[in-house]
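J.: Output the structure for:
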Amino acid sequence: MLTDDDADQTWFDLAAPVVDKYHVLATSFMITAYRQDPPPNRYVLQRSHTHDMHKAGANGKGEMVNLSADQIAADLETSAGILGAKEVIAYPYGHYDDTAKRGVAQAGFEMARTIEPGYVTIGTDKLALPVQRINYGMGANALKSMIG
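T.: Numbering: from 1, shown residues only. All right, here's what the predicted structure looks like:
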């Protein structure tokens, strides 16, 4: 699955046309407090990167590890209401803990994506899915090496 965090305009300008051209299904994790425009094409699914928790909390880490499960669930309910979908979120900054996972589940989400490197296999915690990050400027050979 191809994903993007933050729904940054550069992703919409540069990647969304490629996704459309090659008919590649992609998920754009949106911070709904900052962006609520419709998908750029039929191949982009918009999902939650929270409503307004993409900021530092009291301890300098993301709010996902600073708030209660009830507060997390309320924020995610707002985001889901805007997007009309609830199956998956991406943790802001990749920060999560057991309380964050409880909040995600309490809000009715089935899965959550981290920024931890790895592969999804049978038995992977659905509320802590790992990723293979592709960074700007990474060439095809580096990508092939990373994903095997």
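J.: Check which residues of the lengthiest strand in the chain are buried.
T.: Identified as the longest strand of the chain according to DSSP state E is strand 111-117. Buried positions in strand 111-117, judged by neighbour count with 16 or more other C-beta atoms under 10 Å: 111-114. The way it works is simple: take the backbone N, C-alpha and C, and place the C-beta from them, glycine included.
J.: Pick the one among those residues closest to Leu2.
T.: Minimum distance to Leu2 across those is 12.0 Å, recorded for Arg113 (C-beta to C-beta).
J.: which residues does the residue nearest the centre of the chain bridge with?
T.: In the chain, the residue lying closest to the centroid (C-alpha atoms, centre = their mean) is Ala90, at 2.6 Å. Judged by DSSP bridges, the bridge partners of Ala90 are Arg113.
J.: where do the helices sit along the protein?
T.: Residue ranges of the helices in the chain, as given by DSSP state H, are 9-10, 16-22, 69-83, 98-106, 140-147.
J.: mean pLDDT for the ones you listed: which is lowest?
T.: Sorting these by mean pLDDT places helix 140-147 lowest, at a mean of 84.
J.: Might one say that Asp97 is in contact with Asn66?
T.: No: at 9.7 Å, Asp97 does not count as touching Asn66 under the criterion of C-beta atoms under 8 Å.
J.: who has more neighbours, the two?
T.: Ranked by neighbour count (other C-beta atoms under 10 Å), Asp97 and Asn66 place Asn66 first, with 20 against 13.
J.: Spatially nearest residue to the more buried one, not counting backbone neighbours?
T.: In space, Asn66 comes closest to Gly57 once its chain neighbours are excluded; the distance is 2.8 Å by C-beta to C-beta, 6 or more residues apart in numbering.
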